[in-house]
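> Mind folding the following:
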Amino acid sequence: PSQPSRGWRGEGGSVGQKRVRGRAMAVTSATAMRERRAKANPLAPMASAAMNEGDVVLFIDGAMKPRIYRFYKSSNGKSYYQVLKTYSSDLSSTDPATLLDALTVMKTNCPSKSYGLVLWSHGTCWLPNITSFTPLSSTSTTQSTTTSYRSTEAFGVDTGVGGDMVNDRTATGQIGPQMEIGDMADAITQSGVHLDYIFFDACAMQSIEVAYALRNAADYIVASPATTSAYGCAYVDQIRSGFFAYPASDDSIKKMVDTYYYDVMENSETKDYYKNQGCVFSVIKTSELENLAAATGQIISKAISNKTSVDLTDFNGYIDFDITGYPNFYDMSSVMKKLLSDADYTSWKTVMDKCVIYQKASDYFLYAQKGSRNILSQVDKTTYCGVSMFIPQTKYTQSPAFLNFNDAFKQTAWYTAAGWAQTGW
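As a prediction, this is how the structure comes out:
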């Protein structure tokens with residue numbers, strides 16, 4: 001999507017931890033560390049923002065050899081960093097084995113009662129990924145028999161040694177490998193780290209398909225269904241006011257959304273970076289996803305049957321298909337409102353509201369870019385939930401970007417759990 005955030009594809013992600021008193025979380029950067037005292041370091045503002053009771057563990061894979069740092073404050077209130085690991089050679093930050101290793105290093109060196117994970121990079125929601133790694137387990141993905149991609153749901157881009165990080169191409173000119181969401185979930189599970197939250201600082205990752213795939217990896221998913229700025233979030237503010245909210249609860253997790261919205265739309269010190277591109281962010285409570293899948297399965301065939309392609313011509317999604325080649329990524333609540341009877345929608349929405357516990361949006365958001373022109377779309381504040389959902393349609397049968405989205409959708413766990421087979425798709 002347009003204006004993607006630039007992070008995990010060669011920079012890395014840190015992991016959140018809260019000791020007896022605090023938490024550590026994941027952040028990304030390609031800045032080299034040269035000084036032992038954090039105040040003399042380019043990332044000093046992030047280090048000084050770290051809470052006294054929590055650590056920031058940072059994985060970096062940039063121009064130098066990949067490495068992992070810990071930022072912390074001592075009992076005297078001064079900020080420091082510690083090198084936890086330096087890798088002997090280059091590796092891919094989108095390999096699930098890398099994520100597993102980073103989480104293991106964090107767990108070993110920073111044992112904690114509470115953890116959070118922040119991932120900053122490109123996001124392609126649940127879309128098919130052509131270039132990816134061997135899965136960590138045989139259950140994480142399935143092989144399509146009709147297309148060349150291995151599975152669906154991809155995050156991040158790693159360009160490798162000699163690659164073009166501006167255009168996300170490897171040294172051979174190909175799009176860098178991405179991490180499958182199923183593999184991400186497996187890496188988190190195998191690490192033995194259960195996360196309070198996963199915060200995606202990336203485009204389009206707040207989809208019901210992605211969240212359902214991660215339902216056993218974290219208690220909350222915090223992300224945007226729309227495009228996000230390449231600048232990423234204001235990490236110092238998030239560390240101070242969002243990431244370290246503890247203990248994790250519905251109310252404390254909402255602070256991440258409030259902080260992100262404030263920095264993008266209201267904060268005079270930061271909002272100019274985002275150039276009035278708007279903001280849509282939300283929180284999914286994963287313990288309620290099974291109930292939402294069941295509720296969706298009970299009524300989806302009333303709205304769509306016999307493989308019909310519903311008319312959504314005048315209904316905007318979070319991403320434009322005609323301009324980007326990606327699916328429209330319709331707002332889940334808004335499109336269900338359009339498809340269902342009032343009675344069915346009211347019943348379904350009662351369940352959805354327990355799962356999508358918070359959302360915040362500007363009046364407009366960046367819908368697409370055509371040349372140098374930004375195309376904005378209006379948020380329907382009366383129906384939106386801030387989570388996207390795929391709706392199969394005939395126009396996706398042979399999409400120009402990734403072959404058949406409708407077949408790819410069948411590989412998602414959400415397709416099965418939410419009863420989409422009943423629709424004929």
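> show me where pLDDT drops low in this protein?
Scanning the chain with the threshold set as pLDDT under 70 gives 1-53, 128-161, 164-170, 175-176, 399-403.
> Recalculate using a threshold of 50.
For the chain, applying pLDDT under 50 flags the ranges 1-22, 24, 26-42, 131-133, 138-153.
> Helices of that one, start to end?
44-49, 96-109, 181-191, 208-213, 235-241, 250-261, 289-303, 321-324, 332-339, 342-355, 405-409, 413-417 (DSSP state H).
> Throw these into JSON lines and include mean neighbour count, thanks.
Heads up, the C-betas are built off the backbone N, CA and C, glycines and all. Putting the helices of the chain into JSON lines (neighbours: other C-beta atoms under 10 Å) gives the following:
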{"stretch": "helix 44-49", "mean neighbour count": "19"}
{"stretch": "helix 96-109", "mean neighbour count": "21"}
{"stretch": "helix 181-191", "mean neighbour count": "24"}
{"stretch": "helix 208-213", "mean neighbour count": "26"}
{"stretch": "helix 235-241", "mean neighbour count": "20"}
{"stretch": "helix 250-261", "mean neighbour count": "19"}
{"stretch": "helix 289-303", "mean neighbour count": "18"}
{"stretch": "helix 321-324", "mean neighbour count": "15"}
{"stretch": "helix 332-339", "mean neighbour count": "21"}
{"stretch": "helix 342-355", "mean neighbour count": "15"}
{"stretch": "helix 405-409", "mean neighbour count": "22"}
{"stretch": "helix 413-417", "mean neighbour count": "19"}
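> any chance of those in JSON lines, plus distance to Phe199?
Below are the helices of the chain laid out as JSON lines (distance: least, C-beta to C-beta, whole Å):
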{"stretch": "helix 44-49", "distance to Phe199": "15"}
{"stretch": "helix 96-109", "distance to Phe199": "15"}
{"stretch": "helix 181-191", "distance to Phe199": "13"}
{"stretch": "helix 208-213", "distance to Phe199": "13"}
{"stretch": "helix 235-241", "distance to Phe199": "8"}
{"stretch": "helix 250-261", "distance to Phe199": "6"}
{"stretch": "helix 289-303", "distance to Phe199": "17"}
{"stretch": "helix 321-324", "distance to Phe199": "24"}
{"stretch": "helix 332-339", "distance to Phe199": "20"}
{"stretch": "helix 342-355", "distance to Phe199": "18"}
{"stretch": "helix 405-409", "distance to Phe199": "25"}
{"stretch": "helix 413-417", "distance to Phe199": "21"}
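> Among these, which comes closest to Val83?
Each of the helices of the chain has some distance to Val83 by C-beta to C-beta; the shortest is helix 96-109, at 10.5 Å.
> and Thr86, which of the helices of the chain is closest to it?
helix 96-109 (11.0 Å).
> need the strands for the stretch 51-200 of the chain, in chain order.
Secondary structure of the stretch 51-200 of the chain (DSSP state E, counting those that start in this stretch): strands at 54-60, 67-73, 79-86, 116-120, 154-155, 179-180, 195-201.
> which one's the longest strand in this structure?
When every strand of the chain is counted residue by residue (DSSP state E), the longest turns out to be strand 356-370.
> strands paired with it, and their directions?
Applying DSSP bridges to the sheet, strand 356-370 is found paired with strand 278-285 (antiparallel), strand 373-378 (antiparallel).
> looking at those, which is buried most?
strand 278-285 (a mean of 26; mean count of other C-beta atoms under 10 Å).
> Now do the same contact list for Tyr220.
When contacts are counted by C-beta atoms under 8 Å, 6 or more residues apart in numbering, Tyr220 touches 196-198, 248, 253, 283-286.
> would you list the strands paired with strand 356-370 in CSV and tack on distance to Leu340?
Output for the strands paired with strand 356-370, formatted as CSV (distance: least, C-beta to C-beta, whole Å):
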stretch, distance to Leu340
strand 278-285, 20
strand 373-378, 22
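> Return the residues in contact with Gln359.
Gln359 makes contact with 257, 280-283, 384-387, according to C-beta under 8 Å, 6+ apart.
> coming back round to it: the contacts of Tyr220 into JSON lines, with extra columns for distance to Lys271?
Conversion of these to JSON lines gives the following (distance: C-beta to C-beta, whole Å):
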{"residue": "Asp196", "distance to Lys271": "28"}
{"residue": "Tyr197", "distance to Lys271": "25"}
{"residue": "Ile198", "distance to Lys271": "25"}
{"residue": "Ala248", "distance to Lys271": "28"}
{"residue": "Ile253", "distance to Lys271": "23"}
{"residue": "Val283", "distance to Lys271": "22"}
{"residue": "Ile284", "distance to Lys271": "26"}
{"residue": "Lys285", "distance to Lys271": "29"}
{"residue": "Thr286", "distance to Lys271": "31"}
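> closest to Asp61 among the residues you listed?
Ile198 (19.2 Å).
> give me the number of residues near the closest one?
Other residues within reach of Ile198, judged by other C-beta atoms under 10 Å, total 28.
> And it, how far from Leu214?
When C-beta to C-beta, to the nearest Å is the yardstick, Ile198 and Leu214 sit 6 Å from each other.
> Need the overlap of contacts for these two.
Ile221.
> ok, now how distant is Met352 from Ala234?
30 Å.
> Okay, and the beta partners of the most centrally placed residue in the chain?
Most central residue of the chain, judged by C-alpha distance to the mean C-alpha position with C-alpha atoms, centre = their mean, is Phe200 at 3.2 Å. Applying DSSP bridges to Phe200 gives these bridge partners: Leu119.
> Touching, it and His122? I think so.
No: in terms of C-beta atoms under 8 Å, Phe200 does not count as a neighbour of His122; the distance is 10.5 Å.
> Pull the longest strand of the chain out as CSV, backbone CA atoms only.
Written as CSV, here are the backbone C-alpha positions of strand 356-370 (Å, rounded to 0.1, in the frame of the first residue of the first chain):
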residue,chain,number,x,y,z
VAL,A,356,-13.2,-5.1,18.5
ILE,A,357,-13.1,-3.2,21.7
TYR,A,358,-11.8,0.2,20.5
GLN,A,359,-11.4,2.2,17.4
LYS,A,360,-10.4,5.7,16.5
ALA,A,361,-10.4,7.5,13.2
SER,A,362,-10.0,10.9,11.6
ASP,A,363,-12.8,12.0,9.2
TYR,A,364,-10.6,11.1,6.2
PHE,A,365,-7.7,8.7,5.5
LEU,A,366,-5.3,8.1,2.7
TYR,A,367,-7.1,5.7,0.4
ALA,A,368,-4.6,5.5,-2.5
GLN,A,369,-2.0,7.5,-4.4
LYS,A,370,-2.1,8.2,-8.1
